[in-house]
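**Student:** Provided below for reference: sequence and predicted model.
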There are 2 protein chains.
Amino acid sequence: MKILDCTLRDGGYYTQWDFENELVQNYIDAFNHLPVDYLEIGYRSNAMTEYFGEYFYCPTYVLEKIRQQSQRKLAIILNEKDVRAVDARSLLSPCLGYIDMIRIAVDPANFKRALSLAEEVRSMGFELSFNVMYMSKWSGNKCFLDFLPEANGLLDYFYLVDSYGGVYPEDVRQTIDMVKEKLECKIGFHGHNNLELALINTLTAIDSGADIVDATITGMGRGAGNLKTELLLTALNSRDNLQVNFNALSNVVSDFEKLQEQHGWGTNLPYMVSGANSLPQKNVMEWVTQRFYSFNSIIRALQNQKSGVQDN
Amino acid sequence: MKILDCTLRDGGYYTQWDFENELVQNYIDAFNHLPVDYLEIGYRSNAMTEYFGEYFYCPTYVLEKIRQQSQRKLAIILNEKDVRAVDARSLLSPCLGYIDMIRIAVDPANFKRALSLAEEVRSMGFELSFNVMYMSKWSGNKCFLDFLPEANGLLDYFYLVDSYGGVYPEDVRQTIDMVKEKLECKIGFHGHNNLELALINTLTAIDSGADIVDATITGMGRGAGNLKTELLLTALNSRDNLQVNFNALSNVVSDFEKLQEQHGWGTNLPYMVSGANSLPQKNVMEWVTQRFYSFNSIIRALQNQKSGVQDN
């Protein structure tokens, strides 16, 4: 079973993908001493009109610097929404020799389109993973499920992504079983922590045969955040006797706790409500971080969304 | 299934059991609108040499004020370690007419001694609960388990307390089954959140037949803290359609979030390590809140405790 830490990639939602050089260097150093197999360092992306920082584009000098320093496998992710198969060569050629695995974030609605991007990436020689979102809504999506077998032989990992942070351990178990019936592929799990279920869902995924799981330091990540790497490693240390260098771990946790004081990721009542009801947390995150709306009005808006009433 | 909120009692560990009047009034008001059955408002205690505030002693004027304002059942807790059967009348007579349930925090090592205190409390006409600590270590404690049937007919609730925050859902299920074999009594569960397992452990307890569960607003409570009341209510709202007034809930959560900014309860790496290894968190809490020792030295001390090495 392998572990992937995606703190820089998923944490970038709070910093526009800018991180101080010293922080990144300490982060990479720490993971040279920790039992984690992959570091996902950011996105590769076509130029956007909105401002995004270094780790949203991962230019060559970033790839080079991190490759020199890290003894771990490195990954970057593509957002399928914004990347077509024709973009793959120009986006990914600079990654050759630096990056081991390309992950593709896929909306199940675009699964078939994503397959051609996947073929292009595969032909370049990278390890390849699909991170398929919204797992709490897959069971109603017959169209997506029927297409699943077409990914046979194409992917190294097929990830279940709990985008809403709303699944329970039993859902994880059932969904892994369902995917394994349709697809011969290693399974990954990426949990969010809205309901503080990221650890138990991830351990359940491991016990159900997942081959790779994601986490981030202090849970830094969009909205309520991810499974905390320090929590996963501590649990696997006591449960499965995984060897963990707690000095290295506590150093990198301390660094990101300072950032957390500024940005305040983690779950709270609005994220709990959005998670429990499989509602998108992007809006909730904007409402909460701007501190413009009261919690009351956020929750009222969420409840209106749930019951299909239009927000004011 | 019933819910007990023990924010004032368990949160008192961070404030020496002093809370501002307005905060308490808003707290009681909020719970008049929330689907929670019991409020545990504090301890009743013999005079101690160390300073402890109002909700550690719950003098008559406190009992009277809260009884007038609250529409919920009220509980207080006795710490069996410091209270003998001969103390019961003087400590509890002032509670008659105000307090519905007396809970007794019991170390399994003192279970037999606690039975005589329980008989005294029972004879006064209160509902009665045992909150038996250290559940992650019960299975090795034959002496305690053999005594369990002696509590038959004496208690309204027998609580499993996950003192270390170290149990997993499967442990909860098995321990409830084990207790039910020895004792005919309603079961309670009190979870701690070191490993962010308080929600799933509590839901597992409910699904395994628990009749009452504990939570606190924002998880305020000793060390890493408790199951968050707002998380439990949100999960039961979406899962079991429990009716929740989210306006009342968000108001009381906001109040305690302000206190949390001062005191900083919640889990972190040292609490995770203590939970995962069933180590006492009292020392860890002192080390962490005083911020005198580095995380490194705390974790080294914990690892020494685990391997039986004496701390420096």
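**Tutor:** Sure, I can see it.

**Student:** List every C-alpha atom in the helix ranked longest in chain A, with coordinates, as PDB.
**Tutor:** If you go by DSSP state H, chain A has its longest helix at helix A:246-263. Output of helix A:246-263 as PDB, limited to C-alpha atoms (Å, rounded to 0.1, in the frame of the first residue of the first chain):
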ATOM      1  CA  PHE A 246       8.100  11.700  14.400                       C
ATOM      2  CA  ASN A 247      10.800  14.400  14.500                       C
ATOM      3  CA  ALA A 248      10.700  14.900  10.800                       C
ATOM      4  CA  LEU A 249       6.900  14.700  10.900                       C
ATOM      5  CA  SER A 250       6.500  17.200  13.800                       C
ATOM      6  CA  ASN A 251       8.800  19.700  12.000                       C
ATOM      7  CA  VAL A 252       6.800  19.800   8.800                       C
ATOM      8  CA  VAL A 253       3.500  19.900  10.800                       C
ATOM      9  CA  SER A 254       4.700  22.900  12.800                       C
ATOM     10  CA  ASP A 255       5.500  24.800   9.600                       C
ATOM     11  CA  PHE A 256       2.100  24.300   8.100                       C
ATOM     12  CA  GLU A 257       0.300  25.000  11.400                       C
ATOM     13  CA  LYS A 258       1.700  28.500  11.100                       C
ATOM     14  CA  LEU A 259       0.100  28.900   7.700                       C
ATOM     15  CA  GLN A 260      -3.100  27.400   9.100                       C
ATOM     16  CA  GLU A 261      -3.300  30.200  11.600                       C
ATOM     17  CA  GLN A 262      -3.500  32.700   8.700                       C
ATOM     18  CA  HIS A 263      -5.800  30.700   6.500                       C
END
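
**Student:** Which helix or strand lies directly C-terminal to that helix?
**Tutor:** Once the chain leaves helix A:246-263, the next helix or strand it forms, by DSSP states H and E, is helix A:269-276.

**Student:** could you say what helices and strands that following helix packs with?
**Tutor:** The contact analysis (3 or more C-beta pairs under 8 Å, 6 or more residues apart in numbering or on different chains; DSSP states H and E) places helix A:269-276 against helix A:282-290, helix A:295-306, helix B:229-240, helix B:246-263. Every residue, glycine included, has its C-beta placed from N, CA and C.

**Student:** Could you export the ones you listed as JSON lines, including mean pLDDT?
**Tutor:** What follows is the helices and strands packed on helix A:269-276, written out as JSON lines (pLDDT from 0 to 100):
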{"stretch": "helix A:282-290", "mean pLDDT": "68"}
{"stretch": "helix A:295-306", "mean pLDDT": "70"}
{"stretch": "helix B:229-240", "mean pLDDT": "95"}
{"stretch": "helix B:246-263", "mean pLDDT": "93"}
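
**Student:** Let's have those in TSV, adding distance to residue B:203 and mean neighbour count.
**Tutor:** Converted to TSV, these look like this (distance: least, C-beta to C-beta, whole Å; neighbours: other C-beta atoms under 10 Å in any protein chain shown):
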stretch	distance to residue B:203	mean neighbour count
helix A:282-290	23	16
helix A:295-306	20	19
helix B:229-240	7	22
helix B:246-263	18	18
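
**Student:** Looking at those helices, which is nearest to residue B:222?
**Tutor:** helix B:246-263 (11.4 Å; C-beta to C-beta).

**Student:** what sits up against the closest one?
**Tutor:** Helix B:246-263 is touched from outside by A:268-269, A:273, A:294-296, A:299-300, A:303, B:7, B:11, B:14-15, B:23, B:26-27, B:29-31, B:33-34, B:217-218, B:220, B:229-230, B:233, B:266, B:289, with contacts defined as C-beta atoms under 8 Å, 6 or more residues apart in numbering or on different chains.

**Student:** rewinding a little: which one of the helices and strands packed on helix A:269-276 lies nearest to residue B:78?
**Tutor:** Nearest of the helices and strands packed on helix A:269-276 to residue B:78, taken as C-beta to C-beta: helix B:229-240 at 22.8 Å.

**Student:** Output the contacting helices and strands for that closest one.
**Tutor:** Judged by 3+ C-beta pairs under 8 Å, 6+ apart, the packing partners of helix B:229-240 are helix A:269-276, strand B:2-5, helix B:198-207, strand B:212-215, helix B:246-263.

**Student:** as a whole number, average confidence for the fourth one?
**Tutor:** The reference is to strand B:212-215. Taken as a whole, strand B:212-215 has a mean pLDDT of 98.

**Student:** Can I get that strand in PDB, CA atoms only?
**Tutor:** The C-alpha trace of strand B:212-215 is given here as PDB (Å, rounded to 0.1, in the frame of the first residue of the first chain):
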ATOM      1  CA  ILE B 212     -27.300   7.600  25.100                       C
ATOM      2  CA  VAL B 213     -24.200   9.300  23.700                       C
ATOM      3  CA  ASP B 214     -22.200  12.400  24.800                       C
ATOM      4  CA  ALA B 215     -21.000  15.400  22.900                       C
END
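
**Student:** List the neighbouring strands of it plus their orientation.
**Tutor:** Its sheet considered, strand B:212-215 pairs with strand B:2-5 (parallel), strand B:186-190 (parallel) by DSSP bridges.

**Student:** Of those strands, which is nearest residue A:68?
**Tutor:** Once the strands paired with strand B:212-215 are compared by C-beta to C-beta, strand B:186-190 is nearest, at 50.7 Å.

**Student:** average model confidence for that closest one?
**Tutor:** Per-residue scores along strand B:186-190 average to 98.

**Student:** So what's the residue count around residue A:66?
**Tutor:** The number of residues packed around residue A:66, counting by other C-beta atoms under 10 Å in any protein chain shown, is 23.

**Student:** Leaving out the residues flanking it, which one is nearest to it?
**Tutor:** Spatially, and ignoring its direct neighbours in sequence, residue A:66 is nearest to residue A:41 (5.7 Å; C-beta to C-beta, 6 or more residues apart in numbering or on different chains).

**Student:** where along the stretch 101-250 of chain A do the helices fall?
**Tutor:** Assigned by DSSP state H, counting those that start in this stretch, the stretch 101-250 of chain A shows helices spanning A:111-123, A:142-147, A:169-182, A:198-207, A:229-240, A:246-263.

**Student:** got TSV for those, with distance to residue B:252 too?
**Tutor:** Formatted as TSV, the helices of the stretch 101-250 of chain A follow (distance: least, C-beta to C-beta, whole Å):
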stretch	distance to residue B:252
helix A:111-123	43
helix A:142-147	41
helix A:169-182	29
helix A:198-207	25
helix A:229-240	27
helix A:246-263	24
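
**Student:** Quick check, residue A:152 in contact with residue A:185.
**Tutor:** Yes. At 7.1 Å, residue A:152 and residue A:185 qualify as touching, with contact defined as C-beta atoms under 8 Å.

**Student:** Pull up the gap between residue A:181 and residue A:259, please.
**Tutor:** Separation of residue A:181 from residue A:259 (C-beta to C-beta, to the nearest Å) stands at 42 Å.

**Student:** Just send the helices and strands packed on helix B:229-240 back as TSV, with distance to residue A:57 too.
**Tutor:** What follows is the helices and strands packed on helix B:229-240, written out as TSV (distance: least, C-beta to C-beta, whole Å):
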stretch	distance to residue A:57
helix A:269-276	28
strand B:2-5	48
helix B:198-207	38
strand B:212-215	44
helix B:246-263	36
